[in-house]
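> Build me a model from this:
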Amino acid sequence: MIDKFVNSVASALAGIQDGSTILLGGFGAVGQANQLIEGLVEAGVRDLTVVANNAGFGTAGLAHLLRAGRVRRLICSFPRIPGSTVFETLYRDGKIELELVPQGTLAERMRAAGAGIPAFYTATSAGTLLAEGKESREINGRTYVLEHALHGDVALVEAWRADRWGNLTYRASGRNFNPVVAMAARLTIVQTQHVAELGTLDPESIATPGIYVNRVVHLPHGDPVL
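Have a look, this model is predicted:
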């Protein structure tokens, strides 16, 4: 019987190695697997490369992981947002590396990884500092920049509902980057707010099929929406 649920955050995160590349779903605080991220701090893994939409804010979740000194390199689109003081301090002090990637390119690099596409051309960043050192090509009179697929060792995902096969649904804007990060990693770990009996999820609502999911931990929050 396939059952991808585990009974704790520690079990969900078991085996993650130092130096791993961690892909995070979420847009700001929405849809980010903060309890799993906090679990990374407890697990003690370090020297991580983290891929996320932004650099976290406040003191919890990604900001906590950064403050604990566990992240060597951050790949993101918005390193400066209100409340992202932890990252700014680390970067100013030379304690963390940054790769800045436009948001659409970031999403497409991860989607490409999940789809088996090694690289693609995009006009985004052409003629800017972000294109320096990258291969470019003129197509139909326009310059395009070659971007490579972005694979992860681990993806941390927040879902709204999950069944024991790992099929996932998301709630409203909580979907954001979660489906693409789930596809792009060798190990996808999910925290879900609600558990669905197998066969009860509307197939049209399943944004991440269980084939992409390895482990699920149920972390209840709020009341279910039917």
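> which residues in this structure form helices?
Under the criterion DSSP state H, the chain carries helices at the ranges 9-12, 34-43, 62-67, 85-92, 103-115, 178-184.
> where's the residue nearest in space to the middle of the chain relative to Ala52, distance?
With distances taken as Cα atoms, centre = their mean, Leu24 lies nearest the centre of the chain, 1.9 Å away. Here Leu24 is placed at a distance of 4 Å from Ala52 (Cβ to Cβ, to the nearest Å). C-betas here are computed from N, CA, C, even on glycine.
> What are the buried residues along the worst-scoring helix or strand of the chain on mean pLDDT?
When each helix and strand of the chain is scored by mean pLDDT, DSSP states H and E, helix 85-92 comes last, with a mean of 91. Along helix 85-92, these residues count as buried under the neighbour rule (16 or more other Cβ atoms under 10 Å): Thr85, Val86, Phe87, Leu90, Tyr91.
> Show me the contact partners of it.
Outside helix 85-92, the residues within contact range by Cβ atoms under 8 Å, 6 or more residues apart in numbering are Ala55, Gly56, Thr59, Ala63, Leu66, Arg67, Leu74, Pro79, Arg80, Ile96, Leu98.
> Tell me the one among these nearest to Ala14.
For Ala14, the nearest member of the contacts of helix 85-92 is Leu66. The distance, counting by Cβ to Cβ, is 22.8 Å.
> got a list of what the closest one touches?
With Cβ under 8 Å, 6+ apart, Leu66 has these contacts: Ala55, Gly56, Leu74, Val86, Phe87, Leu90, Ile96.
> Try it again at 6 Å.
Applying Cβ atoms under 6 Å, 6 or more residues apart in numbering to Leu66 gives the contacts Val86, Phe87.
> ditto for Phe177
Taking Cβ under 6 Å, 6+ apart, one finds Gly25 in contact with Phe177.
> follow-up on the earlier one: mind pulling up the pLDDT for the residue nearest to the centre of the chain?
Among the per-residue scores, Leu24 holds a pLDDT of 97.
> if we can go back for a sec, from the contacts of helix 85-92, which is closest to Asp3?
Using Cβ to Cβ, Gly56 comes nearest to Asp3 of those, at 32.4 Å.
> ok, the residue lying closest to that closest one once chain neighbours are set aside - how many residues close by?
The shortest distance from Gly56 to any non-neighbouring residue, by Cβ to Cβ, 6 or more residues apart in numbering, is to Leu62 (3.2 Å). Leu62 has 32 neighbouring residues, counting by other Cβ atoms under 10 Å.
> So Leu62 versus Leu48, what's the distance?
From Leu62 to Leu48 the distance is 11 Å (Cβ to Cβ).
> Okay, buried residues for stretch 194-213 please.
Within stretch 194-213, judged by 16+ other Cβ under 10 Å, the buried ones are His194, Ala196, Leu201, Ile206, Thr208, Gly210, Tyr212, Val213.
> Which of those residues fall within strands?
Within the buried residues of stretch 194-213, membership in strands is found for His194, as judged by DSSP state E.
> so where is this protein shaky, pLDDT-wise?
Under the criterion of pLDDT under 70, the regions of the chain flagged as low confidence span 83, 222-226.
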